[in-house]
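Colleague: Pasting the sequence and the predicted model now:
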Amino acid sequence: MLKQILIAGIILIVLFHHYGYAKEPSLAGDNCFDDGRWGDAIYEYKKLLEKNKNQPEIFFKLGNAYYKKGEMEKAIEAFTTATQLKPDYLDAYQKLSEVSMQIGVPENEIKVCLKEVQKNPNDADAHFRLGVSYYKCNIFMDAKREYEIAVGLDPKKTEAYFNLGVLYQDLNTYDKAEEMYKKAIGISQSYDKAHFNLGIVYYQTGRLEESASEYKQVISINPNYADAYVNLSLVYFIKGFYFDAIESLKKALPLGSAPEKIHYFCGNVYNKMDKKNDAIAEYKKAIKINSKMIAPHYNLGLIYLEKKMVDEAIEEFTRVIVLDHDYANAYLNRCKAYELKDDLSNAQSDYNSYQHAKAAFARVYKEEIRSPFYAGSNSAE
């Protein structure tokens, strides 16, 4: 059965600025920077700082050169020094925030964004970025406050409404999530991610027709939105429209970044249609792309067991166990396969392993609270 719904992640707006500055006294470094010779620019800026370290503008330029060269940690260090030397250096704070977000330093990011808000309390973008930073640290109520301030300052800030929708969806407050996505769509009818997540809200609240309608709307806006085809196929699957589900998945296949999952989903649909050979072919395609994907191995094992292809079933369940030694049902089904071979010794051993793994599973996963539908939603784009 298709079990995973993909969800559009939280939007992260990065503001790009043109950083203007006088050429003197850093003309040599600036010329190198303008020519794309980042290493030479770094050398020239560091020469200037050897003479006088109290130059926030040079540290800022040095940070930009490190950033262009891909040395993010050194860029952060240079931008941080610039803000320490010049506490009202907004461009340095903004660039520091941008780099911190890119490399995932949320605690540092919050400090930087707080500085931005303190310097510009009426800047909706600053509050929005602070909200993103709080969200990434799972500080949801503070994130909510900052997003609400952002839309209060800029009522047409669609990204803030969208992120509020994601936040409410994480909290299973579906009515508020729906409200926020609709506000974002009201401002921008072509906001494909808002339509997409609204489709998920409808799915989660059992409104399958409305869910399908939103996914179709996404596809009309962006025909290359692979996840919309995948989620639409899930709705078709649940409604029993298996042919439509397969057609939707086939459209997603050339567009998606995870073809192994799409082949796996196709296998599930064919399996439900009792087209076992087609299901086997799709599962094998998924495994050929990613041999460490457990689910197609397991489902192949089930089909082989049903078809009394005992050796093949044992092989697939063994692969599952190698990948996840606590997969209780893999032991149980391999036990059944051994029983069919009259190999009672291995059958008993697997049954014992099944009991042990089942207890381990309960210990490991009993505290799990997040829905599998939301895997990956707590991240920034």
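Modeller: Thanks, I have it.
Colleague: Which neighbouring elements make contact with the top helix by length along the chain?
Modeller: Longest helix in the chain, counting residues (DSSP state H): helix 344-365. Packing partners of helix 344-365 (3 or more Cβ pairs under 8 Å, 6 or more residues apart in numbering; DSSP states H and E): helix 328-340. Backbone N, C-alpha and C define where each C-beta goes, glycine included.
Colleague: now do 10 Å
Modeller: Here helix 344-365 touches helix 310-323, helix 328-340, going by 3 or more Cβ pairs under 10 Å, 6 or more residues apart in numbering; DSSP states H and E.
Colleague: What residues of that helix count as buried?
Modeller: Within helix 344-365, the residues that qualify as buried are Ala347, Asp350, Tyr351, Ser353, Tyr354, Ala357, counting by 16 or more other Cβ atoms under 10 Å.
Colleague: circling back: how about the helices and strands packed on helix 344-365, which one is nearest Thr173?
Modeller: helix 328-340 (33.8 Å; Cβ to Cβ).
Colleague: circling back to that earlier point, next, the angle helix 310-323 makes with the longest helix of the chain.
Modeller: Angle, helix 344-365 to helix 310-323, by axes from the mean of the first three to the mean of the last three Cα atoms, to 10 degrees: 30 degrees.
Colleague: mean confidence score for stretch 224-242?
Modeller: For stretch 224-242, mean pLDDT is 95.
Colleague: Could you list the buried residues of it?
Modeller: Applying 16+ other Cβ under 10 Å to stretch 224-242 flags 225-237, 241-242 as buried.
Colleague: next one: that stretch to chain centre, how far?
Modeller: 20 Å (Cα atoms, centre = their mean, to the nearest Å).
Colleague: again, but for stretch 287-303
Modeller: So, by Cα atoms, centre = their mean, the centroid of stretch 287-303 is 23 Å from its chain's centroid.
Colleague: Quick check: end-to-end length of that stretch?
Modeller: End-to-end distance of stretch 287-303 (Cα to Cα, to the nearest Å): 15 Å.
Colleague: What residues of that stretch count as buried?
Modeller: 287, 289, 293-303.
Colleague: from the residues you listed, which is closest to Tyr45?
Modeller: Of the buried residues of stretch 287-303, the one sitting nearest to Tyr45 (Cβ to Cβ) turns out to be Ile289, at 46.4 Å.
Colleague: What is the burial count for the closest residue to the closest one other than its chain neighbours?
Modeller: Closest residue to Ile289 apart from its sequence neighbours, by Cβ to Cβ, 6 or more residues apart in numbering: Glu260 at 3.9 Å. Glu260 has 20 neighbouring residues, counting by other Cβ atoms under 10 Å.
Colleague: quick one: Glu260 from Leu153, how far?
Modeller: Distance of Glu260 to Leu153, computed by Cβ to Cβ, to the nearest Å: 44 Å.
Colleague: Tally up the residues packed near Lys111, please.
Modeller: The number of residues near Lys111, taken as other Cβ under 10 Å, comes to 17.
Colleague: Work out for me the element it sits within.
Modeller: If you go by DSSP states H and E, Lys111 is part of helix 106-119.
Colleague: before we move on, the earlier item: can you lay out the buried residues of helix 344-365 as a markdown table showing distance to Leu323 and pLDDT?
Modeller: Shown next, in a markdown table, are the buried residues of helix 344-365 (distance: Cβ to Cβ, whole Å; pLDDT from 0 to 100):
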| residue | distance to Leu323 | pLDDT |
| --- | --- | --- |
| Ala347 | 21 | 95 |
| Asp350 | 16 | 94 |
| Tyr351 | 20 | 95 |
| Ser353 | 15 | 94 |
| Tyr354 | 16 | 93 |
| Ala357 | 13 | 86 |
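Colleague: for Glu210, what are its contacts?
Modeller: By Cβ atoms under 10 Å, 6 or more residues apart in numbering, the contact set of Glu210 is Glu178, Leu198, Gly199, Val201, Tyr202, Tyr203, Val235.
Colleague: meant to ask about Asn31, not that
Modeller: The contact partners of Asn31, by Cβ under 10 Å, 6+ apart, come to Lys23, Arg37, Asp40, Ala41, Glu44.
Colleague: Same check on Tyr202?
Modeller: Tyr174, Glu178, Leu208, Glu209, Glu210, Ser211, Ala212, Ser213, Glu214, Tyr215, Val235.
Colleague: can you do 6 Å?
Modeller: Tyr202 makes contact with Glu210, Ser211, according to Cβ atoms under 6 Å, 6 or more residues apart in numbering.
Colleague: where does the stretch 1-150 of the chain dip in pLDDT?
Modeller: 1-26, 101, 103-107 (pLDDT under 70).
Colleague: can you rerun that using 80?
Modeller: Under the criterion pLDDT under 80, the flagged ranges of the stretch 1-150 of the chain are 1-27, 83, 87-88, 90, 93-94, 96-109, 137-139.
Colleague: So which residues of the stretch 51-200 of the chain form helices?
Modeller: 56-69, 72-85, 90-103, 106-119, 124-136, 140-153, 158-170, 174-187, 192-204 (DSSP state H, counting those that start in this stretch).
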